[in-house]
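*Asks:* Okay, sequence plus prediction incoming.
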Amino acid sequence: MTKYEAIFRRKSVRRYKEEEIPEEILEKIRHYGAHAVGIRKEVRIKWKVYRASDHNVKGMFQVKAPYYAALYSEVCEDCRIHAGCLMEQLVLWLHTMGIASCYQGGARLKHDEEEQMELMMILAFGYPSEALERSFVDFKRAELKKLVKTNITLGKVQKKLLEAARLAPSALNQQPWRFVVTENRIHLFIRRPGRMSYEKQLNRNLFQAGIVLSHMLVTGEELWFDLDYQKLDSIMEKAIQNYLYAGSLILQKY
Ligand SMILES: Cc1cc2nc3c(=O)[nH]c(=O)nc-3n(C[C@H](O)[C@H](O)[C@H](O)COP(=O)(O)O)c2cc1C
């Protein structure tokens, strides 16, 4: 199975076996990113893997799992988009090896000091004791026509990219993204947070922009679409009602 195929099959898993994951896989997780798409080498990140027996993960809505991966990043422009893009590719890669996972948006670490870096997200993972996969018809997601604004008829490439984007996971399945599609561009927007805990929600939505972006980039890689992710100054100040601009995918040739 490829990461692309995993997009159409994965689901969050909340029940796990105690079974150990081979050390070589844990080691690859600790260095995950070298072969991921859309990753900016200059952004300093760090993975840490905890076992449940470390008792280092706490917080709300926590899923009990044998392992947790914590992703830290230096704080810089787009670091959260970058982190979401990277962690979702880890999710897909784990899935290809029969390892399940679940984002832990409400979780915290008891000890999370990491010099000049911030914790971006925690992911629970391990071998599942419930179904690892779901079939396509069981994805509960908004239809594309609700998520996409366009004046053109979508072509084959745009449809493939947007269909993969549509299936991306989000906190409480809120799908806080919208897409404005032109001839050779897909502009990505995220929901503008309410005034209550604005920054926290904004950070979460930026991370989720990274998740959705990764689904499109993984699709591009698998299907040989030439894609480039950019922030376009011409769009930067634009907002569609209650949404903020998060970047554009430029479809180079198709
Ligand atoms: C940023 C983020 C935070 C999440 N936080 C939690 C969480 O704290 N606890 C939990 O059980 N699931 C959490 N989830 C999982 C979502 O509930 C799940 O992805 C969504 O309902 C879609 O379902 P699926 O992943 O099975 O496709 C989170 C997902 C994301 C993307």
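*Replies:* Thanks, I have it. The shown structure was predicted, so the numbers you read here are calculated from the model rather than taken from an experiment.

*Asks:* Residues of the stretch 1-150 of the chain that sit close to the ligand?
*Replies:* Counting by CB under 6 Å from any ligand atom, the stretch 1-150 of the chain comes close to the ligand at Lys11, Ser12, Arg14, Phe61, Val63, Cys102, Tyr103, Gln104, Gly105, Gly106. C-beta here means a position set from N, CA and C on the backbone, and glycine is covered the same way.

*Asks:* okay, now the third one: neighbour count?
*Replies:* The number of residues packed near Arg14 is 16, by other CB atoms under 10 Å.

*Asks:* related to what we said a few turns ago, lowest pLDDT pick from the residues of the stretch 1-150 of the chain next to the ligand?
*Replies:* For these, the weakest pLDDT value sits at Phe61, with 81.

*Asks:* roughly how far apart are the closest residue to that residue other than its chain neighbours and Lys58?
*Replies:* Nearest residue to Phe61, sequence neighbours excluded (CB to CB, 6 or more residues apart in numbering): Gly106, at 4.4 Å. Gly106 is 10 Å from Lys58, where distance means CB to CB, to the nearest Å.

*Asks:* Strands of the stretch 51-200 of the chain, start to end?
*Replies:* 57-59, 67-73, 100-103, 107-109, 118-126, 148-150, 177-182, 185-191 (DSSP state E, counting those that start in this stretch).

*Asks:* Now the longest one: average pLDDT?
*Replies:* It refers to strand 118-126. The model assigns strand 118-126 a mean pLDDT of 97.

*Asks:* same question, stretch 237-246
*Replies:* Summarised as a single mean, pLDDT over stretch 237-246 is 84.

*Asks:* Would you mind listing the outside residues contacting stretch 99-109?
*Replies:* Stretch 99-109 is contacted by residues 12-14, 16, 21, 25, 50, 56-63, 65, 68, 70, 87, 90-91, 94-95, 119, 121-128, 132, 169, 171, 204 when judged by CB atoms under 8 Å, 6 or more residues apart in numbering.

*Asks:* What residues of the host helix or strand of Leu213 count as buried?
*Replies:* Using DSSP states H and E, Leu213 sits within helix 198-222. For helix 198-222, the neighbour count (16 or more other CB atoms under 10 Å) marks 201-222 as buried.

*Asks:* Over to stretch 34-53?
*Replies:* Buried residues in stretch 34-53, counted by 16+ other CB under 10 Å: Ala36, Val37, Gly38, Ile39, Val43, Ile45, Trp47, Lys48, Val49, Tyr50, Arg51, Ala52.

*Asks:* where does the fourth one fall, phi/psi-wise?
*Replies:* Same thing as Ile39. phi -100, psi 130 (degrees, to the nearest 10).

*Asks:* If we ignore the residues flanking it in sequence, what's nearest it?
*Replies:* In space, and not counting its chain neighbours, Ile39 is closest to Gly33: 5.5 Å by CB to CB, 6+ apart.

*Asks:* which element is that neighbour on?
*Replies:* Going by DSSP H and E, Gly33 is not in any helix or strand.

*Asks:* Mean pLDDT per element in this structure, and the minimum belongs to which helix or strand?
*Replies:* Each helix and strand of the chain was given a mean pLDDT (mean pLDDT, DSSP states H and E); the minimum falls on helix 233-236 at a mean of 82.

*Asks:* What lies in contact with it?
*Replies:* Contacts for helix 233-236 (CB under 8 Å, 6+ apart): His187, Tyr245, Ser248.

*Asks:* For Gly38, which residues are in contact?
*Replies:* Shown in contact with Gly38 (CB under 8 Å, 6+ apart): His82, Cys85, Leu213, Ser214, Leu217, Tyr229.

*Asks:* And for Gln175?
*Replies:* Gln175 makes contacts with Arg141, Ala142, Leu147, Ala168, as judged by CB under 8 Å, 6+ apart.

*Asks:* Fine by me, thanks again.
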